[in-house]
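Participant: Quick one, structure for this:
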Amino acid sequence: MLERLHKLMAMAGVGSRRSCEALIAEGRVSVDGKVIIEMGHKVDPETAEVRLDGERLKLEGRAYYLLNKPQGVISTCADEFGRERVIDLIPGVEKRLYPVGRLDAQSTGLVLLTNDGDVALKLTHPRYEVEKTYEVRVKGLIGDADIARMKKGVWLSDGRARIEGCEIVKRRATVTDMIVSLHEGKNREIRRVMARLGHPVITLKRLSMGPLDLGELKEGEHRKLNGVEIEALKAFVANPPSSRTRDEKRIDRFGGPPTHMPSRSSKRERSWGNRSKSQRTWGDRSKPERSPRDESKPRRSWGNKSKPGRPQGNEAKPGRNWGNKSKPGRPRGNESKPGRSWGNKSKPARPQGGRKRS
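Facilitator: Numbering: from 1, shown residues only. As a prediction, the model looks like this:
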């Protein structure tokens, strides 16, 4: 499978993708003896010989491993406390792997380990609606009301969480076994939802994720995906459930198209298209034509003009003087109180200066 040159260089540990693009632009990278300077050049990591400043790079091809994670192992690549990691269960692999679809330490089941970033994104991001199936055992008896609440959604601290599907396998005296499916991937989502409903989780095991199925793989064992599984995985990633139409999703889920509502194509056929309003029909009768206007009636004048006969501006109330002028007959300024002196002058009969000392 062909990959972009700068992406393969970044996977080989040369640097970031942007820094690898800069090295290519400087003419320091060659492929099979030919210097490459254009961006977006694709090579085959299995057969191509890539050199940086004359030194050959060890390119990593794609790797896909399926692991049945046991309890007590954490789904991370680095741990400061020295606990056992999922990548420790696959020894002898020189390629850099990272887990896809993390499980908490107490959960078990399917984990995919790969170095394919596109596959990891399509399988885990909520917008692609990849279904994940779990085998769950909880305390107490799950009833229809609890299932309805799970499907409707439960509010958690980081938003609303909803269970896509729930099938009761067996009810016992104090526990319930069921199969739960999700399209999201919040942290410890099933455990938090069930705890909110008053049914704490006892055991949780992931059975499948998209086209991948755990099968007969025993706990703690791993295997490499074969060619058929890799092709099926890439086909699934190229056309995730979120890119399918509503009818296609229903066919995958229920085995047939919807019967209670028209398809989208039939809705488009009912559109009006280029027909004019006069050609549209409303119910069993056509829309009546609008009667022409009677030109004998005078038109009214709106906008900035007022109706005829109405005084405008200051003409509405004669005798008043607006603006900076006061009303007629009213004294202005110092004329209203004669005898007072304003400004720098003091009032009459008031001594100036301070009190004289004897």
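Participant: and the nearest residue to residue 53 once chain neighbours are set aside, how many neighbours does it have?
Facilitator: Leaving out its chain neighbours, the residue that sits closest to residue 53 by CB to CB, 6 or more residues apart in numbering is residue 28, at 5.4 Å. To be clear about C-beta, it is placed using only N, CA and C from the backbone, and glycine gets the same treatment. Residues near residue 28, counting by other CB atoms under 10 Å, number 15.
Participant: any idea of the pLDDT on residue 28?
Facilitator: For residue 28, the model assigns a pLDDT of 91.
Participant: That one against residue 51, yeah?
Facilitator: No - using CB atoms under 8 Å as the test, residue 28 is too far from residue 51 to be in contact (9.1 Å).
Participant: How far does stretch 219-239 stretch from one end to the other?
Facilitator: Criterion CA to CA, to the nearest Å; first-to-last residue distance in stretch 219-239 is 31 Å.
Participant: what's the answer for stretch 47-57, then?
Facilitator: The stretch stretch 47-57 measures 12 Å between its terminal residues, going by CA to CA.
Participant: Please identify the buried residues of it?
Facilitator: By neighbour count on 16 or more other CB atoms under 10 Å, the buried set for stretch 47-57 is 48, 50, 52, 57.
Participant: Name all residues that make contact with the second one.
Facilitator: Going back to what we said before, that points to residue 50. Remark: with contacts taken as CB atoms under 8 Å, 6 or more residues apart in numbering, residue 50 is in contact with 5, 8, 9, 29, 30, 31, 43, 56, 57, 59.
Participant: who's in contact with residue 153?
Facilitator: Residue 153 is in contact with 160, 161, 162, counting by CB under 8 Å, 6+ apart.
Participant: wait, I meant residue 148
Facilitator: The contact partners of residue 148, by CB under 8 Å, 6+ apart, come to none.
Participant: Equivalent analysis for residue 83, please.
Facilitator: The contact partners of residue 83, by CB under 8 Å, 6+ apart, come to 73, 74, 105.
Participant: Dig out what the closest residue in space to residue 207 that isn't next to it in sequence forms beta bridges with.
Facilitator: Once flanking residues are discounted, residue 207 sits nearest to residue 133: 4.7 Å by CB to CB, 6+ apart. Judged by DSSP bridges, the bridge partners of residue 133 are residue 181, residue 208.
Participant: still on that earlier bit, just name the closest of the buried residues of stretch 47-57 to residue 154, please.
Facilitator: Of all the buried residues of stretch 47-57, residue 57 has the smallest distance to residue 154: 49.8 Å, by CB to CB.
Participant: I'd guess residue 138 is in a strand, am I close?
Facilitator: Yes - the secondary structure assignment for residue 138 places it in a strand, going by DSSP: H, G, I helix; E, B strand; the rest coil.
Participant: pretty sure residue 64 contacts residue 234?
Facilitator: No - contact status for residue 64 versus residue 234: not in contact, 9.9 Å apart, counting by CB under 8 Å.
Participant: Who has more neighbours out of those two?
Facilitator: Set side by side, residue 64 and residue 234 show unequal neighbour counts under other CB under 10 Å, the larger going to residue 64 at 21 against 17.
Participant: Report the contact partners of the more buried one.
Facilitator: Taking CB under 8 Å, 6+ apart as the contact definition, residue 64 lies against 112, 113, 114, 116, 119, 224, 225, 229, 230, 233.
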